[in-house]
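>>> 3D, please:
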Amino acid sequence: MTEQRVCVGAIAGAFGVRGEVRLKSFCAEPAAIADYGPLWSEDGARRFELSLGRPVTSGFAARLSGVSTREAADALRGTRLFADRDRLPPPGDDEFYHADLIGLAVCDTGGQPLGRVHAVLNHGAGDLLEIALPAGRGTALLPFTRAVVPTVDLAAARIVADPPEGWAE
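Residues are numbered from 1 along each chain as shown. Model prediction:
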């Protein structure tokens, strides 16, 4: 991608027979995804104008420009949608876009390196940081809570964490 973009949603598949998609929004206010267009595919090769339809289970029925058949909609299943960063509101205090956290160095409260943020996950019970451990030891999950992650310093590109006992084993 030539411009910095942030993932704001994903297509879960076709909805109906007239080219609508089932859209899952990753925005704090789910319907706000329609305000951040145009949306782009992850590789930046496709551009979509979006119009939201009615709410459906786990998202919205939505129309994307250039998608007019069920087959075309279903072919987009799994496509993540990105918005230009400058179209998004600035995060509030103690709020972060996941894209800003990925790649940050993570150290413990004593300054010892723990790894780097590989991904930010959320399976419904809160955000988890997937930390790539040093020396190719794999990854470990760290709850992204104030108690476990007291400091996120974007300017210094680091996170200070106080992981629970045995978290990386």
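>>> and the longest helix anywhere in the chain, what other elements does it pack with?
When the chain is scanned for its longest helix (criterion: DSSP state H), the result is helix 70-75. For helix 70-75, the elements it packs on are strand 5-15, judged by 3 or more Cβ pairs under 8 Å, 6 or more residues apart in numbering; DSSP states H and E. (Each C-beta comes from the backbone N, C-alpha and C, glycine too.)
>>> And for the very next helix or strand once past the strand it packs on, what's in contact with it?
Reading on from strand 5-15 to the C-terminus, the next helix or strand found by DSSP states H and E is strand 20-25. Taking Cβ atoms under 8 Å, 6 or more residues apart in numbering as the criterion, the residues outside strand 20-25 that touch it are 8-15, 31-33, 50, 52-53, 56, 58-64, 67, 73, 76, 81.
>>> tell me the secondary structure for the residue sitting furthest away from the middle of the chain?
Ranked by distance from the centre of the chain (Cα atoms, centre = their mean), the top residue is Gly110, with 29.6 Å. When the structure is reduced to helix, strand and coil (DSSP: H, G, I helix; E, B strand; the rest coil), Gly110 reads as coil.
>>> Only alpha carbons, please: show the helix or strand bottoming out on mean pLDDT in the chain as CSV.
Comparing helices and strands within the chain by mean pLDDT, DSSP states H and E singles out helix 98-101 as the least confident, with a mean of 88. Extracted C-alpha coordinates of helix 98-101, given in CSV (Å, rounded to 0.1, in the frame of the first residue of the first chain):
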residue,chain,number,x,y,z
HIS,A,98,-4.1,-1.7,16.3
ALA,A,99,-1.9,-0.8,13.3
ASP,A,100,0.0,1.6,15.6
LEU,A,101,0.8,-1.2,18.1
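>>> Need the contact partners of that helix.
Residues from elsewhere that reach helix 98-101 (Cβ under 8 Å, 6+ apart): Gln4, Val6, Cys7, Pro91, Val117, Val120, Asp127, Leu129, Val152, Leu154, Ile159.
>>> got a list of what the fourth one touches?
When you say that, I think you mean Pro91. For Pro91, the contacting residues are Tyr97, Asp100, taking Cβ under 8 Å, 6+ apart as the criterion.
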